[in-house]
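Undergrad: Next one to model:
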Amino acid sequence: MSTKSDEAARQTGRSAAPLDDIGYRILETLRDNGRISIAALAETVGISRANAYTRVENLMQDGVITGFSAQVDQAKAGLSIGALVFVTVHPQAWASFRDRIVEMPDVEWCAITTGEHDAMLLIRAVDVSGVHEFSTGVIAQLPEVRTVVSVVVLDEVVRRSFLLPSDLPEREPQASLGMTRWTPASPGRDTLPPR
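TA: Here you go, the predicted model:
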């Protein structure tokens, strides 16, 4: 039996109905304060409480809002070291690699990428030895993995919960300097399945 959250998870990343200005203002407000009451949200956005409630419910059902969570200072919570782990995977091992990564509680975030490496993981640890143990003792030992490169994060300068189209400034096209290389993804390197 499928639940609403299961359905929302399946819809994540798929196109929903286009958002209007009010929809974007709701998302902006929720980004700043995910615990805001419906009454305060309605007042901030300039709509009725019933309309605000309906719109938030619709955003959830459409998979635009995929959940609510607290923002945590990782260092104050006891995980003072962050690292990016770049992984190259054997070509026929994608499905198994994705299944393994999804089950690893050490991984905060994972993306399948183009370019030199196939995947990028963001992990957290209590100390540098924890990063080393996870990178070499767990990830590098997977039969699906060819190579692993770890980079310790010294400072997290920007971390936003999400971006909206209205956040992106309009820029004039610049002449190409020829420094950007785009490598398309190989077939089968789809996104990770939703949790």
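Undergrad: need the strands for this protein, in chain order.
TA: 81-89, 107-112, 119-125, 145-153 (DSSP state E).
Undergrad: Out of these, the one nearest F162 is which?
TA: Proximity to F162 (C-beta to C-beta) singles out strand 107-112 among these, at 12.9 Å. For every residue, glycine as well, the C-beta is placed using N, CA and C.
Undergrad: In space, what's closest to the residue most central in space within the chain - neighbours in sequence excluded?
TA: Centroid-nearest residue in the chain, with C-alpha atoms, centre = their mean: W109, separated by 6.2 Å. Spatial nearest neighbour of W109, chain neighbours left out: L122 (4.2 Å); criterion: C-beta to C-beta, 6 or more residues apart in numbering.
Undergrad: show me what contacts the one you found?
TA: Residues in contact with L122 (C-beta atoms under 8 Å, 6 or more residues apart in numbering) are 82-85, 107-110.
Undergrad: Now for the residues you listed, which sits with the most neighbours around it?
TA: V85 (23 neighbours; other C-beta atoms under 10 Å).
Undergrad: Dump the strands of the chain to CSV, plus mean pLDDT.
TA: Output for the strands of the chain, formatted as CSV (pLDDT from 0 to 100):
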stretch, mean pLDDT
strand 81-89, 96
strand 107-112, 94
strand 119-125, 95
strand 145-153, 95
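Undergrad: T136: which of the ones you listed is closest?
TA: Set against T136 and scored by C-beta to C-beta, those come closest in strand 145-153, at 7.2 Å.
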